[in-house]
Structures are given as structure tokens and as C-alpha cells.
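Trainee: model this:
(4 chains)
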There are 2 protein chains.
Amino acid sequence: MAQRRKRVDQAGARVTLQDVADHADVSLTTASRVVNDGPRQVGQALADRVRKAVAELGYTADLQARAVATGHSALVGVIVHDISDPYFSSIAAGVIEVARSRQLLAAMSSTPADRGGGAVPGAVAEAAEREYVALMRAQRARAVILIGSRSDDAAATKALRAEVAAFTAAGGRAACVGQDLLGVDTIQPENRAGAEALAKALAAQGHRSFAVLAGPRGLITARDRLDGFRDGLTAWSVELDPARVIHCPFSRDGGYEGMSAILAAGAPLPDCVFAVTDVMAVGALARLRAAGFTVPEQIAVAGFDDISTLRDVYPPLTTVRLPLKRMGEMAAGLVLDDQDGGPGPRTGGPGTSRPGTGNGRARVLPVPGEVILRESTVPQPPR
Amino acid sequence: MAQRRKRVDQAGARVTLQDVADHADVSLTTASRVVNDGPRQVGQALADRVRKAVAELGYTADLQARAVATGHSALVGVIVHDISDPYFSSIAAGVIEVARSRQLLAAMSSTPADRGGGAVPGAVAEAAEREYVALMRAQRARAVILIGSRSDDAAATKALRAEVAAFTAAGGRAACVGQDLLGVDTIQPENRAGAEALAKALAAQGHRSFAVLAGPRGLITARDRLDGFRDGLTAWSVELDPARVIHCPFSRDGGYEGMSAILAAGAPLPDCVFAVTDVMAVGALARLRAAGFTVPEQIAVAGFDDISTLRDVYPPLTTVRLPLKRMGEMAAGLVLDDQDGGPGPRTGGPGTSRPGTGNGRARVLPVPGEVILRESTVPQPPR
DNA sequence: AGAATCCGGGAAAGCGCTTGCCAAGACTAG
DNA sequence: CTAGTCTTGGCAAGCGCTTTCCCGGATTCT
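Mentor: Modelled structure (predicted):
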């Protein structure tokens, strides 16, 4: 009834809680209480009036204002290198889904122009990541999830780690999918074990002479997969000729180029090529096709990740399956389920002062990969 | 120097602008002014002191608080059906990139469980979209971008449209990628013209008997592509037998099933199958392979979109290229470049009351597709 | 030299919301 | 019938920031 304020109650005009309160003829406090039905009771009659006013005015609470009032925000940041890469978008899908189920919104970053695979792949990417973590800190995001391999650039990692520490020190939670290098909860795909198992399976199929498209030099994921693969071969007493380890960008084109290099190396071609990524394997396949080789008859190819969009390339890729979406969900769970009853963000009291950096409490959840044998590799006759 | 406040200046504790001001021994006002260097000048000396304090304390402005104070938020919402679908993630990548360049953050939604291709595909998806638009309104997002085809479910579209109108009425901007059905700026891929051109090209190659994997019945994008294709054939006096138009989900599996249906239909197999989506085409390819058919010798296949991840399937798909990432950038540009000097968000005054729904000013930018002929279709001998 | 102007600084009033605290009234208990 | 305990409503003080004034001093103009 009351219409104390000057502003027109026109449809669409920005309507505040005060408007609702006026319209329902109650105090701001009461309106607030019924809107976010907390522990505090409100009389039936008033509550109804407020709800009616909310409906009539089409009121929607300003979450930003609420966030500054309460100290909690509804934002969780997701940092990926390139959202259009199916590896990342699959993981991101997992994160987004649990964010959604919790009524949070997931903000996505994408580090552009890392595709070229320039000089130091890690450095520029980590700089962008750092920048985004800082942005999330500025937004007082509830949590941030970093997805993707760390590089072995110690300086860059350290800087990123410091930024993340600042973030957690400010009350946010952080997790990462990749390597446990940031001092935060980590979802850790078992790259090494997976590649080792793959190598053994390939050896069991009869392959004896290998080459590896090993990805960029600095990326730990790439290195782990390479090392694991080598270990697996060693178990079968197969040597991996260092000259047959080709470093190349983590992309389809990288795989293509890498395969070119192998072909160019000449005569005794390997009978099996392991690309540390499905995406690269696809590039390798394309190169082989261009050169007129048949896979797997003349040369076998294996990948890693089991990207679902790539399940229909021909021939179907032997690979190591990683539950990408699940990993995203796990990471989100790690960071959103406050197992320690989260310290009140209001006062930066001693409760919060638990050091965010390497607090020793960081959990790491290993995620095993599963070897999937498909037609891109086949049983070979033993020599 | 001054340390008036009770709180410890420990590293990491939540540090506010007031802390900075105290530390630099200036007023809050001054600190604010130097931090976001606006039009107002600040003396060199004080400015330096403030900057020093910022650095020492590791201060980061609280963007949420700033948003409530200024009325502008730094959030732009992106609504896609499934971020792990390369079609969407490519467009999203474009949006994210321009958001990033403008120092905004892009929040992503993903409508889960639309994959089953249930009864009314549009309805459930639009409900989720609506919910998310409401969330963005609550966050007072600066803009929202809806990506993906509209369904022809009038009720659902109307409801979504109303929600979008509420959003724009509250001062946000909106754009969509798909059909111009929401009364907002639209990036409109020329599905119809693209499919028509494709049909003509296919006919020119000599194909004469076609089947279409047409996607779900309600989706306008699917229908446009089908209609355009039919038109293109008509121009060559080729009939498209309605029994040869198979409706199936918009996914890889949908394409697989649809192809099964075509094969099951028996005897006079078409010599070319057009799948309205690359993803579906890949499913169709898989089905054909499973049945022992060779493509394109025995049967040709064409898709639409030119998804880059799928460029290496074998045989390479004839398709219609859409500049996906570019489209995302365009949408973002539409919504972020305020061409009309955006109404002051502070007062919901008459300036804002320009009706958000169908204000007639909605721009629609058509995006042409480019026919790309590859090996999945080949010149056929004329009969 | 006096008036007119400009300039850098700060006090204080917001932005839209939550919440600690107090004050009535409605109960129950003694 | 009075003292104690719940309830329920509202005032007002925040949250961390921006921005409108206002004010005194330095600069410029005539």
C-alpha cells in the first residue's frame, strides 16, 4: 500500500529490497529475513505480504550486494588453457555441472594463443593463469580450480604458487587438476602408470620398435607419460631410442609435424608410434595418411586421454582412458565441500591464518587411466 | 606509518582499501582515487604513498563491492547447451577471449542431460536457460549471451524471451547466437543458405539420391538446414523423399542411430547422406563403417559446421564451414560495445525504461557458411 | 591588489544487502 | 499476579567501495 519512495514502480525498473519492504509495508529487515529464509522466524502474515510484494515487483536479490554484506561469494573460477580443446572442455563440463547443482556460477578463463607452442610454453601460460587467479581473488571467488599440466619452469610455478597462496590466504579454496605442485588439493591423473600400462600392452601385442611424440619439453604431463612409457617398455626389455623421442607442440598440428620428423628420419621406421595425447595422435594419423601409410598394418599409433569426440577417427585409437568429466566433478567437490567447516570469512581472525601455501594438508587424489586397445594398433607377428 | 586499526597487518589477511589509506596516511577517498585512476587528479606525493601501501599490503580491490557501489558489474554470462560439445566450446572460446581482453569474466552455464534427446528437447533446455538468465540478472551481469538453436516450442521461447526482457529491462545487454527469436541482437548463421549451397554443390558433384539425418524435430537450426538443403536440391530438380528424412538426436549417437534407420530401410540406398551436423555425420560414418560400407565409394556423407576437432576423421568430411570462434567474438562485441552510451544504471529513471522486449532495434548479423568439399563426397559418374 | 578560477584533499552520504541488538508483546512458570 | 522466557519486528551499524560536495590554498586574470 505504502508508496513512500520517489521511484516509479514501473515494471522492469531496478527494484531493491527496500522497494519490496515499502510495498509490503514492513521493515527492510523483515523483508530481508523472509527473502532468504534463515533461522530467524517471521510471522505468517508479514511473510506472505513480503512474498506477494516480491512477486508483484519481480524482485531479485542482488547477489553482489549480498556477497559484500556476507563475505561469501557465489563464484568459482575455472582456469583452463583453451576451452575449445576437448580435453579441457570435458573437465570443465564436470566442474560446471557441480557448480550448477550448488547454485554457484563458474567463471571460465582461457589462455589464448598458446597454440603456437612457442619458446617456453609454460611461462606465458602460467603468467595468464596467475593473472586470472588474481582476478578471482579480486572477485573474492569462493574457489578456483586450475586445470592443466604444470610446466617445469620453477620460477613460473613458484610465482603461480604464490598467487594461489594469496588467494587461499584471503579465504578462498583452490584445487588443481594435474600435478601436485601448487600446494593445494589436487586431482592427479596417473599419467606415468597409465603410459606404462599402455607400453606393456603394446609390447604384449608384439610391437617392438617404438617412437614417441612427446609433446613440449617443459610440460610435466608430457614428461610423465614419456617416462612411464619408457618404463613399461623396459619391463619388456625393449629399448626406446632417444632419437625416436620427438618433442613437438601439444596440438593436432604438433602431432602432424612430429610425425613428419619421424618419417623424415628415414629408413628403419618404428612399428608403433605413441603420441602422448589423442589430439596429437590424430595429427600423426593425418600425416601418415598423407604419406600413404596404412594404420595399423604398416605402422601402429596410440594416444592418451580417450577424448570422446575423437572416438570415431579411423582407425579407432588405442589409448588410455581418463575419466575427464569425472575429474572435473572431483575437483569441484574437493573445493566446494567444506570439510573443515570453513573459517568465517568475515573476520580475518586467527582461524584463517592457517598458511595457505603448502599447508601439508593438501589432499591429492590419484585418478587411474585405463588402457583401451582399439584398431590403431594390432597384434603383430613376433619377429 | 599509522596503524590505527585493530587488525593485524599480517600477510594474507583480508586487506581493505581503508587499510591502505591508513597505511599511507591519507583519506579513504584519496586512496580510492589513486587506485582506480579516474578523471580526478591526485598529488604525486600522496599517490606514491598510496601505491607503495598497496604494494606492501598486497591490496586487491574487491570487485564485488565496487560493483555494488558503481552499479556496473564485470560479469558476462554465457549460456550454452553443453560446453563439452566442440560447437559450443568453440563459440565460447571466442566470447571468453574478448571478455578477457576487456577485463571481464565470463561465467558459463551448461545445460546437462540434454544429450538423451528426450521427448521435447527444447522445453527442458529452455527452462534451464531461463533459470540461468535469472541467475545472471541476480548477479546484475553486464550482459548475457545465449548460444544455440531455439526450439519451435512457442511457449518455452516466450517464457525465455520474457526472462531475457526482464534482464535487459534491469539494464543488462543480451545477445544470442542462433535465431532471432528473443528480441535481442543476434548472430545468425545462415543455415538455410549454407545448406542450400551444399546441396547444389553435392548435386553438381553428381549425387542424385539423398537422405538427410535431420536432427531433432523441434530445433530450428536443424529445420533450417533441412529446408535449405531441400531447396538446393529442388534447384537441380532433385526430389527429397520425405521418407528419407530421418529425425534423430543432435549428437554423435543420434547420427549413428539415424544411419541405422536408413540402412534398415533397405534396398535403394541413397548415394549421399547429409547430416545436419558434423558430429552427427561422424556417427553416421561410424555406422557405415560398422556395416562394411566404404565412404565415399558406396555412399557419400556430408556434414555441417566444420568442427575443427573433426577435420581429421577419415574420410575428411564435406561440410559447411561456420566461423565458430569468430561468431563468439561477434556476439561478445555486440553486447559489450555500448554503441548507445548505455543508460546510467544508477537511477532506474526514464532513460532505462526503453522496453527491453522487441524494441525493434535488435540488430541481426548474418554469418555466411562456406561449402567445403572434401573426400567424404566425390564426383559421381552421371547416370 | 582583489576577484575569479583552479586544484588537490577529505568528510560523508550513498550502493543494496545482512545481522547484532533492543524492545515489545505473548507466553509459561512460580 | 509478577517475574522470567520465548517470540517477532525493527533500528541502526556495518560490508568495502565510489562519488558528491565543500573547503582552503595556489594560480591566473584584469
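
Trainee: Please count neighbours and contacts with C-alpha atoms only from this point.
Mentor: OK.

Trainee: Flag every buried residue along the longest helix along chain A.
Mentor: Longest helix of chain A, by residue count under DSSP state H: helix A:121-138. Of all the residues in helix A:121-138, those buried under the rule 16 or more other Cα atoms under 10 Å in any protein chain shown are A:121-130, A:132-138.

Trainee: Show the model's pLDDT score for the single nearest residue of the stretch 51-200 of chain A relative to chain B.
Mentor: Closest to chain B within the stretch 51-200 of chain A is residue A:107: 3.9 Å, counting by Cα to the nearest Cα. As summarised for this prediction, residue A:107 has a pLDDT of 95.

Trainee: That one: what secondary structure?
Mentor: strand (DSSP: H, G, I helix; E, B strand; the rest coil).

Trainee: from memory it sits against residue B:107, does it?
Mentor: Yes - in this structure, residue A:107 is within contact of residue B:107 by Cα atoms under 8 Å, at 3.9 Å.

Trainee: check contacts around the residue in the stretch 201-350 of chain A that chain B sits nearest to.
Mentor: Residue nearest to chain B within the stretch 201-350 of chain A: residue A:313 (4.7 Å; Cα to the nearest Cα). Contact analysis of residue A:313 by Cα atoms under 8 Å, 6 or more residues apart in numbering or on different chains lists A:282, B:312, B:313, B:314.

Trainee: Make sure it is indeed in a strand.
Mentor: No - counting by three-state DSSP, residue A:313 is not part of a strand but coil.

Trainee: And what about residue A:225, helix, strand or coil?
Mentor: Strictly by three-state DSSP, residue A:225 counts as helix.

Trainee: how near is it to DNA strand C?
Mentor: Residue A:225 is 48 Å from DNA strand C, where distance means Cα to the nearest atom of the strand, to the nearest Å.

Trainee: Please name the residues that touch whatever residue of the stretch 51-200 of chain A ends up closest to DNA strand D.
Mentor: Nearest residue of the stretch 51-200 of chain A to DNA strand D (Cα to the nearest atom of the strand) works out as residue A:69 at 3.2 Å. With contact set as Cα under 8 Å, 6+ apart, residue A:69 has no partners.

Trainee: for it, helix, strand, or coil?
Mentor: helix.

Trainee: Distance check, it against residue A:62.
Mentor: 11 Å (Cα to Cα, to the nearest Å).

Trainee: what about residue A:266, how many residues close to it?
Mentor: 9 (other Cα atoms under 10 Å in any protein chain shown).

Trainee: Bridged to residue A:274, which residues?
Mentor: residue A:212, residue A:302 (DSSP bridges).

Trainee: In contact with the residue most central in space within chain A, which residues?
Mentor: Against the mean C-alpha coordinate of chain A, by Cα atoms, centre = their mean, the closest residue is residue A:147 at 2.9 Å. Listed by Cα under 8 Å, 6+ apart, the contact set of residue A:147 reads A:78, A:79, A:80, A:81, A:88, A:91, A:176, A:177, A:178.

Trainee: Report pLDDT for the closest residue to it other than its chain neighbours.
Mentor: In space, residue A:147 comes closest to residue A:177 once its chain neighbours are excluded; the distance is 4.7 Å by Cα to Cα, 6 or more residues apart in numbering or on different chains. What the model reports as pLDDT for residue A:177 is 96.

Trainee: And residue A:177, its phi and psi?
Mentor: phi -110, psi 110 (degrees, to the nearest 10).

Trainee: who in the stretch 1-150 of chain A is up against chain B?
Mentor: Contacts of the stretch 1-150 of chain A with chain B, taken as Cα under 8 Å from any Cα of the partner chain, map to A:7, A:12-14, A:60-65, A:67-68, A:82-86, A:89-90, A:92-93, A:96-97, A:100, A:105-110, A:112, A:137-140.

Trainee: Which elements pack onto the helix or strand bottoming out on mean pLDDT in chain A?
Mentor: Lowest by mean pLDDT, DSSP states H and E among the helices and strands of chain A is helix A:121-138, with a mean of 83. Packing partners of helix A:121-138 (3 or more Cα pairs under 8 Å, 6 or more residues apart in numbering or on different chains; DSSP states H and E): strand A:75-80, helix A:154-169.

Trainee: Switch these over to CSV; also include mean neighbour count.
Mentor: Below are those laid out as CSV (neighbours: other Cα atoms under 10 Å in any protein chain shown):
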stretch, mean neighbour count
strand A:75-80, 26
helix A:154-169, 20
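
Trainee: Turn the ones you listed into JSON lines, columns for distance to residue A:208 and mean pLDDT.
Mentor: Converted to JSON lines, these look like this (distance: least, Cα to Cα, whole Å; pLDDT from 0 to 100):
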{"stretch": "strand A:75-80", "distance to residue A:208": "37", "mean pLDDT": "95"}
{"stretch": "helix A:154-169", "distance to residue A:208": "36", "mean pLDDT": "92"}
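
Trainee: So for residue B:297, which of the ones you listed sits nearest?
Mentor: Closest of those to residue B:297 is strand A:75-80, at 41.5 Å (criterion: Cα to Cα).

Trainee: tell me the angle the helix or strand just after that closest one makes with strand A:75-80.
Mentor: Once strand A:75-80 ends, the next helix or strand along the chain (criterion: DSSP states H and E) is helix A:86-101. Going by axes from the mean of the first three to the mean of the last three Cα atoms, to 10 degrees, helix A:86-101 is angled at 170 degrees with respect to strand A:75-80.

Trainee: Give me the packing partners of helix A:86-101, helices and strands only.
Mentor: Against helix A:86-101 (3+ Cα pairs under 8 Å, 6+ apart) you get strand A:75-80, strand A:105-110, helix A:324-336, strand B:105-110.

Trainee: how near is the residue of the stretch 151-300 of chain A found nearest DNA strand C to residue A:164?
Mentor: Across the stretch 151-300 of chain A, the shortest distance to DNA strand C (Cα to the nearest atom of the strand) belongs to residue A:171, at 16.2 Å. Plainly put, residue A:171 is 11 Å away from residue A:164 if you go by Cα to Cα.
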